[in-house]
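**Q** okay, sequence plus prediction incoming.
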Amino acid sequence: MGDRRAPAGSAGSRFHRAHGGVKRILLCLVACCLFLPLIVTTPAQAETTTSDLVFSGSGWGHGVGLSQYGARAMADAGDST
């Protein structure tokens, strides 16, 4: 286990061992999961499991600044990330 420090000295990421491998948990992702329900303008929920992060919501728009046209173009091109 250990922390990697960002250039400013804050913890940038944390590593831990799980299932024989090393998984990297980005602290910004954790913060996003914790605070996303507070900042999203459309009804949304975030759930985590041992291996997945699932966002559910409704309405017309993402509420986080993602262009729907850009997302559609990425999906049409086969991108799933």
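**A** Perfect, thanks for sending it. Residues are numbered from 1 along each chain as shown.
**Q** relative to Thr48, how far out is Ala77?
**A** Distance of Ala77 to Thr48, given as Cβ to Cβ, to the nearest Å: 28 Å. Every C-beta, even on glycine, is put in place using the N, C-alpha and C of the backbone.
**Q** quick one: which of the two has more around it?
**A** Thr48 (11 against 7; other Cβ atoms under 10 Å).
**Q** who's in contact with the residue lying closest to that one once chain neighbours are set aside?
**A** Distances taken as Cβ to Cβ, 6 or more residues apart in numbering put Cys33 closest to Thr48, at 6.3 Å, once the chain neighbours are dropped. By Cβ atoms under 8 Å, 6 or more residues apart in numbering, the contact set of Cys33 is 46, 48, 53.
**Q** out of the residues you listed, which sit inside strands?
**A** Among the contacts of Cys33, the residues falling in strands (DSSP state E) are 46, 48, 53.
**Q** want to throw the residues you listed into TSV with distance to Tyr69?
**A** Output for those, formatted as TSV (distance: Cβ to Cβ, whole Å):
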residue	distance to Tyr69
Ala46	24
Thr48	29
Leu53	24
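**Q** nearest to Ala71 among these?
**A** Distance to Ala71, by Cβ to Cβ, is smallest for Leu53 among the ones in strands among the contacts of Cys33, at 17.1 Å.
**Q** what's the neighbour count on that closest one?
**A** 11.
**Q** beta partners of it?
**A** With beta bridges defined as DSSP bridges, Leu53 has these partners: Thr48.
**Q** break this protein into its domains for me.
**A** Using automatic domain parsing, the domain ranges for the chain come out as 1-36, 40-81.
**Q** worst mean pLDDT among these?
**A** Ranked by mean pLDDT, the domains of the chain bottom out at domain 1-36, with a mean of 57.
**Q** so Leu53 touches Ala46, yeah?
**A** Yes: the criterion here is Cβ atoms under 8 Å, and Leu53 meets it with Ala46 at 7.0 Å.
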